[in-house]
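>>> Need coordinates for the following:
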Amino acid sequence: MSDESRESIRHAPWNKGKLIGAKPPLRPNQVWSIRTRLLIERRARDLALFNLAIDSELRGCDVVALRVEDVAPSGYALDRATVRQRKTGRPVKFELTDQTRQAVDDFLKAAGKRPGEYLFNGRRGPDRPMTTRQYSRLLRAWMASIGLDPKVLGTHSLRRTKATLIYRRTGNLRAVQLLLGHTKIESTVRYLGIEVDDALAIAEQVEV
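From the prediction side, this is the model:
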């Protein structure tokens with residue numbers, strides 16, 4: 001191998017061959033396809049993890065850091081929960097749908113989880129949470145199981161899914177900001193990828 005070849009390998013960009021940038025949200029039919037697959041395969045932990053990630057709209061680092069008492073302090077999943085975000089230190093509230101509460105309850109029962117424990121522990125033992133890398137690997141497997149390209153989607157796709165749907169249905173940017181825990185509305189605008197055409201489409205639906 002020539003010196004030039006060695007030099008090009010040594011300085012290859014980190015993102016060579018990778019798709020970078022904002023990961024798109026999942027569509028409702030894709031969400032249901034993944035849920036159905038996890039239900040059929042009786043993967044209680046993965047279904048609880050997937051549903052909580054969608055409902056909570058939390059970052060991946062906050063999803064894997066959840067403890068039992070955050071969502072089920074009395075042994076059963078709450079209707080609403082509050083979690084302090086690691087990135088901002090600010091609390092954020094979210095609602096757990098019926099299907100998410102059922103998935104969490106089934107998982108707690110099957111795994112024998114108790115308050116004080118991490119909800120989703122990883123391979124390092126019951127006293128250590130799942131890593132974001134393991135979470136990402138699970139996500140890629142879920143995507144691939146229904147024929148989606150794992151390179152296009154990521155853990156942020158789950159965080160953006162419900163927020164994007166709420167915005168498209170209501171146009172309520174402030175509500176989405178609160179749900180995502182953003183400190184500035186500008187961050188929410190960038191996060192959702194809102195363009196002028198989106199704003200005009202919403203404006204056309206409002207009559208004065």
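>>> Every contact and neighbour count from this point should use C-alpha atoms.
Noted.
>>> show me where the chain has strands.
Using DSSP state E, the strands of the chain run over residues 80-84, 91-95.
>>> In terms of mean pLDDT, which of the ones you listed ranks lowest?
Per-segment mean pLDDT for the strands of the chain reaches its minimum on strand 91-95, at a mean of 89.
>>> Show the residue spans covered by the helices in the protein.
In the chain, the helices defined using DSSP state H lie at 3-10, 28-40, 44-56, 60-64, 68-71, 98-111, 132-145, 155-170, 173-180, 185-192, 196-204.
>>> In JSON lines: those helices, plus distance to Arg90 and mean pLDDT.
Formatted as JSON lines, the helices of the chain follow (distance: least, C-alpha to C-alpha, whole Å; pLDDT from 0 to 100):
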{"stretch": "helix 3-10", "distance to Arg90": "41", "mean pLDDT": "48"}
{"stretch": "helix 28-40", "distance to Arg90": "28", "mean pLDDT": "95"}
{"stretch": "helix 44-56", "distance to Arg90": "14", "mean pLDDT": "95"}
{"stretch": "helix 60-64", "distance to Arg90": "12", "mean pLDDT": "94"}
{"stretch": "helix 68-71", "distance to Arg90": "15", "mean pLDDT": "96"}
{"stretch": "helix 98-111", "distance to Arg90": "24", "mean pLDDT": "96"}
{"stretch": "helix 132-145", "distance to Arg90": "20", "mean pLDDT": "94"}
{"stretch": "helix 155-170", "distance to Arg90": "17", "mean pLDDT": "82"}
{"stretch": "helix 173-180", "distance to Arg90": "11", "mean pLDDT": "74"}
{"stretch": "helix 185-192", "distance to Arg90": "15", "mean pLDDT": "70"}
{"stretch": "helix 196-204", "distance to Arg90": "28", "mean pLDDT": "53"}
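>>> Now do Ala110 against Phe94, distance only.
According to C-alpha to C-alpha, to the nearest Å, Ala110 stands 24 Å off from Phe94.
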